[in-house]
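S.K.: prediction below, plus the sequence it came from.
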Amino acid sequence: MSRIFHLFARGVILLLLCAPVFGQAQSSRDASPRQKEVAVTIDDLPLNGPRIEIERLRATTGKLLDGIKRHRIPVVGFVNESLLYVPGETDARIALLKAWADAGVELGNHTFSHLGFKDASLAQYEDDFIRGESVTRMLMKEKRQRLRYFRHPFLQMGPTLELEKSFETFIAERGYRIAPVTVDTMDWMILAAYSKARAAGDTSMMKRVSDEYLKFAGEKFDFSEKVANELFGHPVKHILLLHANELNADNLDALVKVMTDRGYRFITLEEALKDPVYQYPERYVPTSDWLSLWSFSEGKKFTSPAPPEFIQKIYAEGQR
Ligand SMILES: [Zn+2]
């Protein structure tokens, strides 16, 4: 008994002696556990997916913002200003965008028309970027804030590194930097099944889709953690991509639980971007999913999980 205690005590002393060494190692590469951190970003403000009537959009926005405030999540919301110009609803939609800012959400630029970089020339892409900030800039100015972040629509970065770097120089002169992603819950796809069930008044299917969504979100976190560990040997500061839609509005509490149950702490996008993972690796592929970018550069291949077949099918039908 006393021998076991002795060994135990020696172990504690050894650990204490090693502690400063561990502390140092944490700042570089190591596999020791550390606080899991994630920055939450929400795209396609004021509404992702098919158009819904303004009252319903108001309710959706309210649920999202109540959840964000209740859980004290620092959020950057990326705006497509073209979505403000719906005949008869422009004022109401601008008021909703203001509600995001009033809730403490920092607004970013996601181009005016949700333009894909591969479908545009650099000049067209830059024009759409400029056109995409007029209302948002005014709203941020009221909060004494400047626009700082840009998110590429469809997560499509410049077709070549040269084009991407030209664009990034262009936006840097305007005070912006790009906001990559490391966790994509594919809520934009799962929304199709959720909206279809809602339109049919099928509450049990809405519940089934929500359950699948939350399960899938967990799988995507597990996947991104695994990839980060294999690429870097330690966890990274993740950036989560979500969209401003009813699926998230109705499931925000449960989605937050998916993250907190895994030990995540919410950080600002500014804090997340300090992680060296957001510096360009040697080789380039045009994607804002930077774990893919790093995997490609390191010559490693990881197969990302996919949402259930029936959800993919409903999404594909909607695209036809
Ligand atoms: Zn988008």
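M.R.: Great, that's in hand.
S.K.: where does L47 land in three-state SS?
M.R.: When the structure is reduced to helix, strand and coil (DSSP: H, G, I helix; E, B strand; the rest coil), L47 reads as coil.
S.K.: isn't it right next to L83, touching?
M.R.: Yes - taking Cβ atoms under 8 Å as the contact criterion, L47 and L83 are neighbours in contact, 6.1 Å apart. Just so you know, the C-beta spots here come from the backbone N, C-alpha and C atoms, and that holds for glycine as well.
S.K.: in whichever strand or helix holds M189, what counts as buried?
M.R.: Assigned by DSSP states H and E, M189 belongs to helix 187-199. Residues of helix 187-199 classed as buried by neighbour count (16 or more other Cβ atoms under 10 Å): D187, W188, M189, I190, L191, A192, A193, Y194, S195, K196, A197, R198.
S.K.: show me how far it is from its chain's centre.
M.R.: In this view, helix 187-199 has its centroid 19 Å away from the chain centroid, taken as Cα atoms, centre = their mean, to the nearest Å.
S.K.: oh, and call the first residue 49 from now on, that's how I've got it
M.R.: That works, and once the first residue is 49, the last one we named lands at helix 235-247.
S.K.: looking at the chain, which helix or strand does the model trust least?
M.R.: The weakest-scoring helix or strand in the chain, judged by mean pLDDT, DSSP states H and E, is helix 50-74 (a mean of 39).
S.K.: for the stretch 149-298 of the chain, what spans make up the strands?
M.R.: Ranges of strands within the stretch 149-298 of the chain are 154-157, 197-198, 225-226, 231-232, 285-291, based on DSSP state E, counting those that start in this stretch.
S.K.: the longest one versus helix 235-247: what angle between them?
M.R.: What that stands for is strand 285-291. With axes from the mean of the first three to the mean of the last three Cα atoms, to 10 degrees defining the directions, strand 285-291 sits at 30 degrees from helix 235-247.
S.K.: spell out whether strand 285-291 and the ion are in contact.
M.R.: No - using Cβ under 5 Å from the ion, we find that strand 285-291 stays clear of the ion, coming within 6.8 Å at best.
S.K.: name the helices or strands packed onto that strand?
M.R.: In this structure, strand 285-291 makes packing contacts with strand 84-93, strand 231-232, helix 235-247, helix 251-280, helix 294-309, helix 317-320, judged by 3 or more Cβ pairs under 8 Å, 6 or more residues apart in numbering; DSSP states H and E.
S.K.: any idea which of these gets closest to A220?
M.R.: Taking Cβ to Cβ as the criterion, A220 comes closest to helix 317-320 out of these, the separation being 15.4 Å.
S.K.: if we can go back for a sec, pipe the strands of the stretch 149-298 of the chain into a markdown table and attach distance to V86 per row.
M.R.: As requested, the strands of the stretch 149-298 of the chain are exported to a markdown table (distance: least, Cβ to Cβ, whole Å):
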| stretch | distance to V86 |
| --- | --- |
| strand 154-157 | 16 |
| strand 197-198 | 16 |
| strand 225-226 | 18 |
| strand 231-232 | 7 |
| strand 285-291 | 4 |
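S.K.: using a markdown table, lay out these together with mean pLDDT and mean neighbour count.
M.R.: Below are the strands of the stretch 149-298 of the chain laid out as a markdown table (pLDDT from 0 to 100; neighbours: other Cβ atoms under 10 Å):
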| stretch | mean pLDDT | mean neighbour count |
| --- | --- | --- |
| strand 154-157 | 98 | 25 |
| strand 197-198 | 98 | 22 |
| strand 225-226 | 98 | 17 |
| strand 231-232 | 98 | 22 |
| strand 285-291 | 98 | 24 |
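S.K.: thinking again about what came up before, which other helices and strands does the helix holding M237 contact?
M.R.: With contacts taken as 3+ Cβ pairs under 8 Å, 6+ apart, helix 235-247 sits against helix 251-280, strand 285-291, helix 294-309, helix 357-367.
S.K.: of those, flag the one that's most buried.
M.R.: Greatest average neighbour count among the helices and strands packed on helix 235-247 goes to strand 285-291 (a mean of 24), per mean count of other Cβ atoms under 10 Å.
S.K.: how many other residues sit next to the residue lying closest to F202 once chain neighbours are set aside?
M.R.: The spatial neighbour of F202 that comes closest, neighbours along the chain excluded (Cβ to Cβ, 6 or more residues apart in numbering), is G164 at 4.8 Å. The burial count assigned to G164 is 14, neighbours taken as other Cβ atoms under 10 Å.
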